[in-house]
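Asks: Got a sequence here, can you build the structure:
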Amino acid sequence: LLDHLESKGISSLALQTQLMIRPGYSMKSTQGIITNFHQPGSTLLLLVSAGIGESWKEVYTHAMANDYRFLSYGDSSLLYFNR
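Replies: Numbers count the residues shown, from 1 in each chain. Modelled structure (predicted):
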C-alpha cells in the first residue's frame, strides 16, 4: 500500500470509518493488545472492554491499587482477548 501511494505521489490520506469497537464486538484477527491505561469514559477503554470483557474493571482496580501510571506516558499492559 505504501509503495502504491508513493508511486502516485500521495503523501497523506484523510479517511473516515463507521467501525466502533466496543463491548459486544467480535475480534476477528487479533488475540490481544499492548496498551496503556486509559481514562474512564474514553473510546480506548471501550476497545479494552470489547477485548477482555468485564475483567477490565479488575485489571484497572489492580492498577490503581498499585500506583500504576495512566494515560499516554503511563504504564502499559499486555491484554489477551476473550475468545
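Asks: Assign residue 77 to helix, strand or coil.
Replies: Following DSSP: H, G, I helix; E, B strand; the rest coil, residue 77 is assigned to strand.
Asks: Who does it form a beta bridge with?
Replies: Residues in a beta bridge with residue 77, per DSSP bridges, are residue 35.
Asks: Touching, it and residue 38? I think so.
Replies: No: distance between residue 77 and residue 38: 10.5 Å, which falls outside the contact criterion (CB atoms under 8 Å). For glycine as for every other residue, the C-beta is placed from the backbone atoms N, C-alpha and C.
Asks: what sits against residue 19?
Replies: Counting by CB atoms under 8 Å, 6 or more residues apart in numbering, residue 19 touches no other residue.
Asks: quick one, helices of the protein?
Replies: Here the chain has its helices, by DSSP state H, at 2-7, 43-52, 56-65.
Asks: ranking those by burial, who's on top?
Replies: helix 43-52 (a mean of 18; mean count of other CB atoms under 10 Å).
Asks: can you list the residues that contact that one?
Replies: With CB under 8 Å, 6+ apart as the criterion, helix 43-52 contacts 20-25, 27, 32-33, 35, 38-39, 56, 59, 79-82.
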